[in-house]
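1. structure for this input, please:
(2 chains, ligands or ions: 2)
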Amino acid sequence: MVGKNPENISALQTDQTKALVRNLDFFYGDNHALKDINMPVYANKVTALIGPSGCGKTTLLRCFNRMHDLYPGNRYKGEILLGEDQKQSNILSKQVDPIEVRMNIGMVFQKPNPFPKSIYENIAYGLKIRGHSRSFIDDKVEYSLRNAALWDEVKDRLQDLAVNLSGGQQQRLCIARAMATDPEIILFDEPTSALDPIATLSIEQLILELKDQVTVLIVTHNMQQAVRVSNYTAFMYLGRLIEFDTTAKIFAKPAVKETADYVSGKFG
Amino acid sequence: MKSESAKDVHKLIAWAKLWQAGFIILGVLSLLVGIVTLVALLADMFIKGGPLISWRFFTSFPSRNAEEAGILSAWVGSLLVMFVTALAAIPLGIASGIYLEEYARKNWIADLIEINVANLAGVPSIIYGLLALGLFVYAFHLGDTVLTAGLTLAILVLPVVIVTTREAIRAVPSSIREASYALGSSKWQTIRSHVLPYGMGGILTGVIVALSRAIGETAPLITIGALTFIAFLPDSPVQSQFPYISFAWLMSPFTVLPIQMFNWVSRPQPEFQLNAAAAGVVLVGMTLLVNGLAIYLRYQFRKGIKW
Ligand SMILES: Nc1ncnc2c1ncn2[C@@H]1O[C@H](COP(=O)(O)OP(=O)(O)O)[C@@H](O)[C@H]1O
Ligand SMILES: [Mg+2]
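-> Ligands and ions are numbered 1, 2, ... in the order given. Sure thing, here's the model as predicted:
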């Protein structure tokens, strides 16, 4: 399996590793949801997680910001090493505070979930809990909204409630909120599944632009989306990573039969 | 053959409709029993008591003479007792609700506490009176004072505040909590900045429902020794001399509106019955006012809250 030896993928030599998943198993109580996952996440690239519903994409994504720690009975085994080269530390370690992990790794959810506060407050919240000054926050709110291509639409109504925005605007606000705190990695869990095609395109465009600033990991059930936005693709099936490679390779010449069947639409 | 069965079906439907009409009539009649009784009671009270309500009625102490008697000490007493109740029950109830809902481990002890809190809300109020008599009056020597009464009613309504607080914060969806955690919030930051503010409408409603229940309570206050005849006011909390604030009122004997009412009802003279009706009108008015405030606050707080 190629997934076992990500270091051997020839096309990848020039890319920096941002994170490395090593022998990762995950359990929801007795439910063994992830089995021996090994894969790299390359810096300033978009990596897509694809696979049929229930294969563990969301579960893997939520390991990266220790979201599973919020609920009792969840258990990790294995490592996710973060940081370039030698400085790698295991973010799943019990010694690492999940809050510290989430300070560095942002997340955008399947359904837009703005706080029922003003547009301004939504962006400012993450900055406030990091203790930034008012003037810094004001600047950063504008910068983040511009960065998420939302500024022109909302600049005259920053104090309006975020929940009154359209679905696509809400999701861009959530992206701006996650990006405002300058994360090293940003996680997307099917960010467009609740949106119409036009809003979907604008989010995809945004993701492509973001990778200059941040490393992107995105779950998608939509294979065209994976092709459009990602540089690398991981195909998962039944809690296992079946194949990891460049997106071009996964969709043109997959090495494993299951991958070929899935990307050609034979199941899923 | 065909028309025959169609006829049967029509008959069946006609029967079903007849039954339905019967039940509707029965339902409306049942409803009327409740509503008509209530309206009749209220109307009777308003007709008897309404004309007596005047400035004088609010500013006079009770008196042996029915025409001169008023409710000054009673409504001031009710207000002060409610103030103590609110001050004690709101922080305790909200804190307990948050703890139980957000922090307590979900195990059998939590279940036990949960069942107990739910049951406490249904315990007869006189039992709380006995508890308060033993605890506040005999053990803590607080006497039959405004403080004792306020604390007694606070314990009485605490379960209501706890239960509604829990319900209100449980209604905040996990997607919003996760949004907060994903930004690096701690649990307390998430509760303080999101869960509590978004649940505040529901919490306030619970608090006010609790207070409007407490306003009408009589039995536990009689148990702890509330006086039925008081012709003086507690010390004013605000003083003209340094330090300008006084807490002497806490230790003052008191009466409250429902007790004043009860006192008048139990007099033989018919004039006092009219006074009782008038006090009843004031009490109902206060309760409506409080409930109106609850509706207004809930509206204000929920205006911007959707997920
Ligand atoms: N909170 C949970 N508790 C127990 N099992 C879960 C939970 N969430 C997901 N699972 C299970 O874990 C597996 C992977 O789920 P998920 O990661 O959500 O799949 P995907 O995102 O690929 O559709 C599924 O079999 C699912 O039933
Ligand atoms: Mg999923």
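2. contacts, neighbours, all on C-alpha from now
-> Will do.
3. could you pull up the residues touching A:Glu121?
-> A:Gln159 (Cα atoms under 8 Å, 6 or more residues apart in numbering or on different chains).
4. which helix or strand contains it?
-> Assigned by DSSP states H and E, A:Glu121 belongs to helix A:119-128.
5. flag every buried residue along that helix.
-> A:119-127 (16 or more other Cα atoms under 10 Å in any protein chain shown).
6. next helix or strand past that helix?
-> Counting by DSSP H and E, what follows helix A:119-128 is helix A:134-147.
7. just checking, what packs against that following helix?
-> Helix A:134-147 is packed against helix A:119-128, helix A:151-154, helix A:167-179, with contacts defined by 3 or more Cα pairs under 8 Å, 6 or more residues apart in numbering or on different chains; DSSP states H and E.
8. go again using 7 Å as the cut-off
-> When contacts are defined as 3 or more Cα pairs under 7 Å, 6 or more residues apart in numbering or on different chains; DSSP states H and E, helix A:134-147 sits against helix A:119-128, helix A:167-179.
9. could you give the angle of the helix holding A:Glu121 to helix A:134-147?
-> 120 degrees (axes from the mean of the first three to the mean of the last three Cα atoms, to 10 degrees).
10. could you tell me the angle between helix A:119-128 and helix A:167-179?
-> Using the same axes, to 10 degrees: helix A:119-128 against helix A:167-179 is 20 degrees.
11. what mean pLDDT does helix A:119-128 get?
-> Helix A:119-128 carries an average pLDDT of 96.
12. got it, and stretch B:239-252?
-> On average, stretch B:239-252 scores 76.
13. mind listing what the closest residue to ligand 1 within the stretch 51-200 of chain B touches?
-> Residue nearest to ligand 1 within the stretch 51-200 of chain B (Cα to the nearest ligand atom): B:Ser174, separated by 12.1 Å. When the contact criterion is Cα atoms under 7 Å, 6 or more residues apart in numbering or on different chains, B:Ser174 has no partners at all.
14. cool, B:Leu297 as well?
-> B:Gly201.
15. can you tell me the element it falls in?
-> B:Leu297 belongs to helix B:270-302, assigned by DSSP H and E.
16. can you pull the buried residues of that helix?
-> B:272-284, B:286-287, B:290-291, B:294, B:297-298, B:301-302.
17. near chain A, which residues of chain B? Just list them.
-> Neighbours of chain A within chain B, by Cα under 7 Å from any Cα of the partner chain: B:175-176, B:179, B:182-186, B:304-307.
18. mind jotting down where the helices sit in the stretch 151-300 of chain B?
-> For the stretch 151-300 of chain B, the helices defined by DSSP state H, counting those that start in this stretch cover B:174-182, B:187-190, B:196-215, B:219-223, B:257-265, B:270-302.
19. show me which residues of the stretch 101-250 of chain A sit near ligand 1.
-> Neighbours of ligand 1 within the stretch 101-250 of chain A, by Cα under 6 Å from any ligand atom: none found.
20. can you name the residue of the stretch 101-250 of chain A nearest to ligand 1?
-> For the stretch 101-250 of chain A, Cα to the nearest ligand atom, closest residue to ligand 1: A:Gly239, 6.8 Å.
21. list the contacts for the closest residue to chain A within chain B?
-> Here chain B gets closest to chain A at one residue, B:Gly184, 4.7 Å apart by Cα to the nearest Cα. By Cα under 7 Å, 6+ apart, the contact list for B:Gly184 reads A:99-100, A:102-103.
22. quick revisit: quick check, pLDDT for the residue of the stretch 101-250 of chain A closest to ligand 1.
-> pLDDT at A:Gly239 comes out at 96.
23. what is the neighbour count of the spatially closest residue to it that is not a sequence neighbour?
-> Leaving aside its sequence neighbours, A:Gly239 sits nearest to A:Leu34 (Cα to Cα, 6 or more residues apart in numbering or on different chains; 4.4 Å). Other residues near A:Leu34 come to 25 when the count uses other Cα atoms under 10 Å in any protein chain shown.
24. repeat for B:Ile162
-> 30.
25. please compute how far the helix or strand harbouring A:His32 lies from its chain's middle.
-> Counting by DSSP H and E, the element that carries A:His32 is strand A:31-42. Relative to its chain's centre, strand A:31-42 lies at 15 Å (Cα atoms, centre = their mean, to the nearest Å).
26. same check, this time on stretch A:218-233
-> 11 Å.
27. and for stretch B:17-32?
-> 33 Å.
28. next: stretch A:96-104.
-> On Cα atoms, centre = their mean, the centre of stretch A:96-104 falls 15 Å from that of its chain.
29. list the buried residues for it?
-> A:98-99, A:101-104.
30. out of those, list just those in helices.
-> Among the buried residues of stretch A:96-104, the members falling in helices are A:98-99, A:101-104 (criterion: DSSP state H).
31. those residues: which two are farthest apart?
-> For these, the maximum inter-member distance is 10.1 Å, found between A:Pro98 and A:Asn104 (Cα to Cα).
32. enumerate the residues of the stretch 51-200 of chain A near chain B.
-> Contact residues (Cα under 7 Å from any Cα) of the stretch 51-200 of chain A with chain B: A:99-100, A:102-103, A:106-107, A:113, A:115-116, A:126, A:129, A:161, A:163, A:178.
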